[in-house]
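> Any chance you can model this:
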Amino acid sequence: MADGFEPKIIGFLCNWCSYGGADLAGVSRFQYPPNIRVVRVMCSGRIHPSFVFKALLHGADGVLVGGCHPGDCHYVKGNYYTERRIRIMRRLLEWLGIERERLWVRWISAGEGSRFASTVTEYTAFLRELGPNTRRVADADYEDLARVASAMGSVGRLVLEEDVCMVELAKYFLEYTQRESCAECIPCRIGTKRLLEVLERVVQGEAAENEFALLEEVGAAIGRSAKCDLGRIAGRAVADVAKYGRDELKAHLQGTCLATVEANRDWQALVGSL
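Numbering: from 1, shown residues only. The predicted structure is shown next:
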């Protein structure tokens with residue numbers, strides 16, 4: 001611990017729960033260190049990654065994200081998105097040379113003033129032991145960092161046990177996007193749902209050929225307008241399939257599948273060696 005070091009903590013607290021807990025802690029005169037500076041947000045799920053990166057690269061020694069307990073979110077699923085986003089941001093912080101432990105998330109209800117006080121006390125003591133955050137970047141592009149964080153949460157590798165076609169892959173990706181979408185923007189929430197409906201009809205052989213142009217047009221629009229890379233990548237993927245994979249789309253209307261994408265051969269042995 002550095003002599004005389006007092007950590008600077010930025011606290012992003014959700015309006016409905018943890019901010020109420022902080023308010024109750026003050027009204028109840030619970031004692032806790034004055035090291036935290038509170039920023040009230042409507043939901044922990046609305047904390048943009050750029051907020052966290054900017055705080056930690058401009059002098060904050062720690063960031064505390066406070067939200068409602070799982071199952072009690074005012075917006076139903078906001079804190080679930082928070083948890084996933086925190087894991088991604090911690091990985092990116094390590095790549096930036098910042099300890100992942102400098103980013104904490106805690107669930108605190110409006111009636112848990114004592115829990116808020118004890119959390120701030122515990123976090124302050126932890127940061128005193130960890131020492132000051134010496135990483136400083138004056139000219140970082142925080143929007144680019146946020147896009148990297150978004151892409152990290154949208155990238156994966158598919159393991160294919162059998163040959164498939166691009167239509168099936170696009171359909172699979174849209175199903176994933178529908179499950180994982182934060183539902184914050186209409187292009188991703190509604191647009192990918194409509195694309196999925198069309199692709200399902202294609203696979204079943206019930207679509208019309210004039211719907212291929214609709215897939216390309218709507219997919220390209222989502223690729224331009226969705227807020228995060230998850231939605232943008234989904235839209236562009238479908239647009240490319242509609243543009244370059246017309247033969248595969250038409251084959252499904254005729255009751256066949258060209259299966260142009262080969263399976264990952266011997267993937268079981270690879271996974272077993274990890």
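> where do the helices sit along the stretch 51-200 of the chain?
Ranges of helices within the stretch 51-200 of the chain are 78-95, 113-130, 142-152, 166-180, 186, 192-203, based on DSSP state H, counting those that start in this stretch.
> CA-only coordinates of the second one in CSV, if you can.
Spelled out, it's helix 113-130. Only the C-alpha atoms of helix 113-130 are listed here, as CSV (Å, rounded to 0.1, in the frame of the first residue of the first chain):
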residue,chain,number,x,y,z
GLY,A,113,-28.1,0.9,3.0
SER,A,114,-25.8,-1.1,5.3
ARG,A,115,-24.8,-3.3,2.4
PHE,A,116,-23.8,-0.3,0.3
ALA,A,117,-21.8,1.1,3.2
SER,A,118,-20.0,-2.2,3.8
THR,A,119,-19.3,-2.6,0.0
VAL,A,120,-17.7,0.9,-0.3
THR,A,121,-15.7,0.2,2.9
GLU,A,122,-14.5,-3.2,1.6
TYR,A,123,-13.7,-1.9,-1.9
THR,A,124,-11.8,1.1,-0.5
ALA,A,125,-9.7,-1.1,1.7
PHE,A,126,-9.0,-3.5,-1.2
LEU,A,127,-7.8,-0.6,-3.5
ARG,A,128,-5.6,0.7,-0.7
GLU,A,129,-3.8,-2.6,-0.7
LEU,A,130,-3.8,-2.9,-4.5
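> Show me the one of the helices of the stretch 51-200 of the chain that comes nearest residue 27.
helix 113-130 (7.4 Å; C-beta to C-beta). (C-beta placed from N, C-alpha, C; glycine too.)
> Can you tell me what sits against the closest one?
Helix 113-130 has contacts (C-beta atoms under 8 Å, 6 or more residues apart in numbering) with 1, 5-7, 9, 11, 18, 21-28, 30-33, 35-36, 61-62, 64, 66, 99, 101-102, 104, 106, 108-109.
> Separate out the buried members of these.
Those of the contacts of helix 113-130 that meet the buried threshold are 7, 9, 11, 18, 21-25, 30, 32-33, 35-36, 61-62, 64, 66, 99, 102, 104, 106, 108-109, by 16 or more other C-beta atoms under 10 Å.
> Tell me which entries of those residues lie within strands.
Using DSSP state E, the members of the buried ones among the contacts of helix 113-130 that fall in strands are 9, 11, 36, 62, 64, 66, 104, 106.
> nearest residue to the first one other than its sequence neighbours?
In space, residue 9 comes closest to residue 36 once its chain neighbours are excluded; the distance is 4.3 Å by C-beta to C-beta, 6 or more residues apart in numbering.
> next one: residue 52
Nearest to residue 52 is residue 63, by C-beta to C-beta, 6+ apart, at 5.2 Å.
> How many residues are close by residue 180?
Residues contacting residue 180 under the criterion other C-beta atoms under 10 Å number 15.
> And the pLDDT at it?
Looking at residue 180, its pLDDT reads 74.
> Spatially central residue in the protein, please.
residue 85 (4.2 Å; C-alpha atoms, centre = their mean).
> any weak-confidence spans in the stretch 151-274 of the chain?
Low-confidence segments of the stretch 151-274 of the chain, defined by pLDDT under 70, are located at 151-164, 260-274.
> which among the ones in strands among the buried ones among the contacts of helix 113-130 gets closest to residue 89?
residue 104 (11.5 Å).
> So what sits opposite the closest one in the bridge?
Per DSSP bridges, the residues bridged to residue 104 are residue 64.
> Next one: the closest residue to residue 203 other than its chain neighbours from residue 214, what distance?
Excluding its sequence neighbours, the residue lying closest to residue 203 (C-beta to C-beta, 6+ apart) is residue 252, at 5.6 Å. Remark: distance between residue 252 and residue 214 (C-beta to C-beta, to the nearest Å) = 16 Å.
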